[in-house]
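**Student:** sequence first, then the predicted structure:
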Amino acid sequence: MNRLSAWLFTPVPLARVALFRRFVYAFVIVDVLLLHTSGFRHGWADPVWYQPLIMGEWLNIPAADVAQVMILKWGTVAVAALALTGRFPRLTGLLVAVGWIWYQYVAFAYGKVDHDRGDFVVALAVLPLIGLAAATDHRRSESAGFAFRAMQLAAIATYFLSAWAKVRFGGWDWVNSATITRAVIRRGTFLGDWLLHIPWSLHAFQWVLFSAEMLSPVIFFVGEKWRRRMVAAWFVFHAATYSVITIAFWPHLIMMLAFLPLEEYRDQVMSRWARRRGRARLRATP
């Protein structure tokens with residue numbers, strides 16, 4: 001239990017918290033305004049199409065109306081903008097979590113539920129627990145460590161449970177049939193259309209995808225260097241998926257940043273920028 005506790009609460013620099021929060025809350029604004037906008041349109045939908053999800057049944061949430069979606073949309077954007085400043089992180093983080101989750105509920109209560117947003121809910125729930133954090137603060141925090149470990153576990157669970165669901169509901173035909181081929185025909189790009197003429201490649205891609213998802217928990221058992229490489233490989237994979245069938249798991253990609261030492265990357269960028277400015281000043285000195 002002591003080893004498990006030490007792993008769950010491995011201290012994380014507060015600078016990483018501040019930087020990760022910026023990615024999360026900036027994405028909330030982009031998502032509400034540009035990416036996932038169906039929740040706003042459902043304010044004008046006929047309530048007959050409303051099908052409460054489990055959360056709606058527990059909390060007795062009625063069908064959305066125009067006033068509700070207006071408040072959720074613009075209120076969430078406004079609070080997320082305030083959260084980006086780093087002020088009142090507990091209060092603003094809580095309000096962003098409530099607003100964004102409710103807004104997603106309005107979207108999904110009229111159709112399918114996108115599984116790529118489940119882990120992002122975890123991020124919104126745990127980030128307010130940390131409190132104040134500055135991008136230049138390299139002090140380590142156990143509470144931040146627990147929050148990041150929770151986000152990492154949620155992100156990897158998204159991959160692993162997705163693979164399990166494939167064979168649970170679709171059987172082994174999911175990887176042995178023309179699943180990706182069908183997706184390319186429905187929403188493919190010029191690259192996907194080209195791959196249709198190489199059918200074995202799409203079949204192989206199904207097995208690569210399934211195997212990668214099943215083996216995703218390995219990321220917790222490798223060293224830091226390989227962990228970064230695995231995250232990079234996942235980003236390449238998602239880029240390839242988008243280039244073939246135009247499907248992107250945007251909030252999940254934000255979650256994968258929880259595995260990276262963002263403060264180190266920031267320090268490297270700032271150091272290089274300072275050196276370039278120093279050289280520029282020397283050249284400008286008469």
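**Tutor:** The structure has been received and is ready for your questions. Numbering: from 1, shown residues only.
**Student:** okay, CA-based contacts and neighbour counts for the rest of this
**Tutor:** Will do.
**Student:** can you check the pLDDT for Ala240?
**Tutor:** Listed pLDDT for Ala240 reads 89.
**Student:** now swap in Val113 and tell me
**Tutor:** pLDDT, Val113: 80.
**Student:** ok, Arg87 - how many residues close by?
**Tutor:** Residues near Arg87, counting by other CA atoms under 10 Å, number 14.
**Student:** let me fix that, I meant to ask about Gly111.
**Tutor:** Using other CA under 10 Å, Gly111 has 12 neighbouring residues.
**Student:** also the one 10 residues further on?
**Tutor:** Residue neighbour count, defined by other CA under 10 Å, stands at 18 for Val121.
**Student:** outside of the helix or strand hosting it itself, list whatever touches it.
**Tutor:** Element membership for Val121, per DSSP states H and E: helix 118-126. With contact meaning CA atoms under 8 Å, 6 or more residues apart in numbering, helix 118-126 is reached by 24, 93-94, 96-97, 101, 147, 150-151, 154-155, 158, 251-252, 255.
**Student:** could you rerun that using 10 Å?
**Tutor:** 20-21, 24-25, 28, 90, 93-98, 100-101, 143-144, 146-148, 150-158, 250-256, 258 (CA atoms under 10 Å, 6 or more residues apart in numbering).
**Student:** now that helix: how far from the chain's centre is it?
**Tutor:** Put simply, helix 118-126 sits 9 Å off its chain's centre (CA atoms, centre = their mean, to the nearest Å).
**Student:** alpha carbons of it, as CSV, please.
**Tutor:** The C-alpha trace of helix 118-126 is given here as CSV (Å, rounded to 0.1, in the frame of the first residue of the first chain):
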residue,chain,number,x,y,z
GLY,A,118,-14.9,11.1,-20.7
ASP,A,119,-11.3,11.5,-19.6
PHE,A,120,-11.5,15.3,-20.1
VAL,A,121,-14.2,15.3,-17.4
VAL,A,122,-11.7,13.9,-15.0
ALA,A,123,-9.3,16.8,-15.8
LEU,A,124,-11.9,19.4,-15.1
ALA,A,125,-12.9,17.6,-11.9
VAL,A,126,-9.4,17.3,-10.4
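**Student:** can you tell me the closest non-neighbouring residue to Asp137?
**Tutor:** Of all residues not flanking Asp137 in the chain, Ala15 sits nearest, at 4.9 Å (CA to CA, 6 or more residues apart in numbering).
**Student:** residues in contact with the one you found?
**Tutor:** 21, 133-140, 261-264, 266.
**Student:** kindly provide the distance from it to Thr136.
**Tutor:** Ala15 sits at a distance of 6 Å from Thr136 (criterion: CA to CA, to the nearest Å).
**Student:** same thing with Leu127?
**Tutor:** Counting by CA to CA, the gap from Leu127 to Thr136 is 18 Å.
**Student:** okay, the two: which has more neighbours?
**Tutor:** In terms of neighbours (other CA under 10 Å), Leu127 is the more surrounded of Leu127 and Thr136; the figures are 24 against 15.
**Student:** next up, the contacts around the more buried one.
**Tutor:** 17-18, 20-21, 24, 89-90, 93-94, 97, 143-144, 147-148, 151.
**Student:** ranges for the helices of the stretch 101-250 of the chain?
**Tutor:** In the stretch 101-250 of the chain, the helices defined using DSSP state H, counting those that start in this stretch lie at 118-126, 142-169, 173-176, 179-187, 190-195, 199-214, 224-245, 250-256.
**Student:** which other helices and strands does the last one contact?
**Tutor:** Contact partners of helix 250-256 among helices and strands, from 3 or more CA pairs under 10 Å, 6 or more residues apart in numbering; DSSP states H and E: helix 14-30, helix 118-126, helix 142-169, helix 224-245.
**Student:** what helices and strands are in contact with the next helix or strand after that helix?
**Tutor:** Downstream of helix 250-256, the next assigned helix or strand under DSSP H and E is helix 262-284. Helices and strands touching helix 262-284, by 3+ CA pairs under 10 Å, 6+ apart, are helix 14-30.
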